[in-house]
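Asker: A structural model of the following input is requested.
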Amino acid sequence: MLISSSLSCSLFTVKFPSGTYNVPRNAFDLYTPRMVKGKGKDKVGLCPICIESVKRGGEGKKVWLSMKFSAYNYHLQYRHGISASSGQPYLPPIAFRITVRRFPQKTEKAVIKEGKCHQCKKWVAVEGVKDVEVKVKEMFWWKHAASCHGPSNQDVRTIFEQDEYFQKLEGFGA
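Answerer: Reported below is the predicted structural model:
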């Protein structure tokens, strides 16, 4: 179903971006791109998080990413912390601790923050050892979560902000 960028969604009064509508697994699926363009190696998906307004936690811009070469997958998992298998955010660590590193190099941190995983019960570094600023600090945790956590059975009411959008979607039995 091709949707014109001049049309708008009457439910949420937002304009559709260009592309073809791509049906998500369910209304609360944050992973599946709602809009796609192209086919095969040229297929791109629109990030459903980045396009949201800054007020709603997005960046207010259209970010199209290649579906064929994992750019979309990498972006959603390591920029936004969204699991490809569940379509939900990764669960955070259940506890944190600070660990002193033995023999750090001159350009490395002397102490590092670790988070305890609810799944494997291991303490995992939630920041890099290099003493530099990173764009997405949670990426270190999300990399662990992507390899360790299975699909989440978490109740959506504990993940999402229960705003007017949530109430409308929940009203549809999503």
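Asker: In the chain, where is pLDDT below threshold?
Answerer: 1-16, 151-157, 173-174 (pLDDT under 70).
Asker: And the helices in it?
Answerer: Counting by DSSP state H, the chain has helices at residues 71-79, 139-148, 164-171.
Asker: between these, which gets nearest to Leu46?
Answerer: For Leu46, the closest of the helices of the chain is helix 71-79, at 9.2 Å, according to CB to CB. For the C-beta atoms, the positions are set from N, CA and C on the backbone; glycine is no exception.
Asker: what's the angle from the closest one to helix 139-148?
Answerer: Helix 71-79 and helix 139-148 meet at an angle of 120 degrees, taking axes from the mean of the first three to the mean of the last three CA atoms, to 10 degrees as the criterion.
Asker: now helix 71-79, how far from the chain's geometric center?
Answerer: Helix 71-79 has its C-alpha centroid displaced from the chain centroid by 7 Å (CA atoms, centre = their mean, to the nearest Å).
Asker: now Ile82, nearest residue through space, not along the chain?
Answerer: The shortest distance from Ile82 to any residue other than its chain neighbours is 4.5 Å, reached at Leu76 (CB to CB, 6 or more residues apart in numbering).
Asker: these two touch, right, that neighbour and Ile49?
Answerer: Yes: judged on CB atoms under 8 Å, Leu76 makes contact with Ile49 at a distance of 7.3 Å.
Asker: anything in contact with each of those two?
Answerer: Applying CB atoms under 8 Å, 6 or more residues apart in numbering, one finds that Leu76 and Ile49 are jointly contacted by 30, 82.
Asker: And these two? Which one has more around it.
Answerer: A side-by-side neighbour count of Leu76 and Ile49, using other CB atoms under 10 Å, places Leu76 first with 25 against 19.
Asker: Walk me through the domains of this structure.
Answerer: Following automatic domain parsing, one finds the domains of the chain at 8-89+152-169, 95-146.
Asker: if we can go back for a sec, between the helices of the chain, which gets nearest to Ile94?
Answerer: helix 139-148 (11.7 Å).
Asker: can you list contacts of that closest one?
Answerer: With CB under 8 Å, 6+ apart as the contact definition, helix 139-148 has outside contacts at 77-79, 81, 83, 90-93, 115, 117, 119-120, 124-128.
Asker: one more time with 10 Å, if that's ok
Answerer: 73-74, 76-85, 89-93, 112-115, 117-120, 122, 124-129, 134, 136, 138, 149, 152 (CB atoms under 10 Å, 6 or more residues apart in numbering).
Asker: Name only those of the residues you listed that count as buried.
Answerer: Of all those considered here, the ones buried according to neighbour count by 16 or more other CB atoms under 10 Å are 73, 76-83, 89-91, 93, 112-115, 117, 124-127, 138, 149, 152.
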